[in-house]
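Colleague: below is the sequence, then the predicted model.
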Amino acid sequence: MKAKRAVLGIVENHAQAGNIVATLRLQGFPNTWLSVLFLDEANTAGGSAGPGGALGFFGNLAHLDLPRLGHVAVAGSLSSLLCGAEAAGEAADLAATLMDFGASVLEARQCERDVASGGILMLVHIVDYRLQGLVKKAFHAFGGVTIDAADITKPVIRRAA
């Protein structure tokens, strides 16, 4: 059985994320391979955060309170993992979840800081290395701030130079 792979990235806004999602979907990436996590400021104020446009396909965003981040909206496999922790009576924690994937403490905390400062964390599952290039190209085309690919069991997230 092939090891699962993923590309993790941070973008600055919903427009970038939406463009990346739309591009990947046009290239045949199924919805189940895409995850997003971002601050849920509308839900904090009593509204409901629901991104429109290309991110609207997520539809069923989970709304969680995470340590060090507060209210977030999350969809995809990240949603399953974080909601699963809450259902088990544990505190859902983004950094801990990324460390469960094998990210170092520093990498996980950097992702957390990026999200806390308004960035959108995106995770794209890939089944082979050929897809990695397509995902990286989509991120770079729309100004992805942070991007790298690694085994899902050991993601590597670092600042783009």
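Modeller: Structure's in. What do you need?
Colleague: where does pLDDT dip in this structure?
Modeller: 1-5, 42-59, 85-92, 100-104, 145-161 (pLDDT under 70).
Colleague: quick one, strands of it?
Modeller: Secondary structure of the chain (DSSP state E): strands at 5-11, 34-39, 62-66, 70-75, 120-126, 146-151.
Colleague: let's have the ones you listed in JSON lines, adding distance to residue 111.
Modeller: C-beta here means a position set from N, CA and C on the backbone, and glycine is covered the same way. Output for those, formatted as JSON lines (distance: least, Cβ to Cβ, whole Å):
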{"stretch": "strand 5-11", "distance to residue 111": "7"}
{"stretch": "strand 34-39", "distance to residue 111": "9"}
{"stretch": "strand 62-66", "distance to residue 111": "12"}
{"stretch": "strand 70-75", "distance to residue 111": "12"}
{"stretch": "strand 120-126", "distance to residue 111": "6"}
{"stretch": "strand 146-151", "distance to residue 111": "8"}
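Colleague: and of those strands, who's closest to residue 114?
Modeller: Comparing the strands of the chain by their distance to residue 114 (Cβ to Cβ), the top pick is strand 5-11, with 4.4 Å.
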